[in-house]
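# Sequence unavailable; structure follows:
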């Protein structure tokens with residue numbers, strides 16, 4: 001079970017940090033990802049972090065602005081977002097997959113309920 005938090009309304013240029021708590025065992029064995037979906041659009045890969053070595057991966061639209069990290073001691077993954085843009089407006093989902101990290105949202109088996117991020121211009 002995954003539970004996202006931290007969404008909200010921000011202005012362009014602001015920063016925001018999302019959190020996702022993993023309620024289960026062996027969190028350290030899971031690759032974790034953030035996927036977003038804007039209204040009327042397809043799901044979009046945002047960022048992922050591997051289960052080992054904390055390798056990170058980013059979608060092109062967020063590179064240099066977003067940072068994914070994880071804290072295995074508290075079973076939580078974070079997404080720090082800076083220089084937010086109106087096009088970042090979406091529901092942000094946390095996703096997990098045991099083992100390999102993927103950029104394809106369809107490869108993740110476990111999903112949270114999502115948290116809304118709205119960025120005004």
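Received the coordinates, thanks. Please read these numbers as outputs of a predicted model, since none were measured by experiment.

# use CA for all of it now, contacts and neighbours both
Fine.

# what about the spatially most central residue of the chain, distance to residue 81?
Centroid check for the chain by Cα atoms, centre = their mean gives residue 34 as the closest residue, at 2.2 Å. Look at residue 34 and residue 81: by Cα to Cα, to the nearest Å, they are 12 Å apart.

# same deal with residue 14?
For residue 14, the distance to residue 81 - Cα to Cα - is 8 Å.

# what do the two both touch?
Counting by Cα atoms under 8 Å, 6 or more residues apart in numbering, residue 14 and residue 81 have no shared contacts at all.

# more crowded one of the two?
With neighbours defined as other Cα atoms under 10 Å, residue 14 and residue 81 compare such that residue 81 has more, 19 against 14.

# nearest spatial neighbour of that one, skipping sequence neighbours?
Excluding the flanking residues, the one nearest residue 81 by Cα to Cα, 6 or more residues apart in numbering is residue 66, at 4.4 Å.

# Look at the one you found and say how many residues are nearby.
Residue 66 has 20 neighbours, counted by other Cα under 10 Å.

# and if you look at residue 44?
Residues lying near residue 44 (other Cα under 10 Å) number 18.
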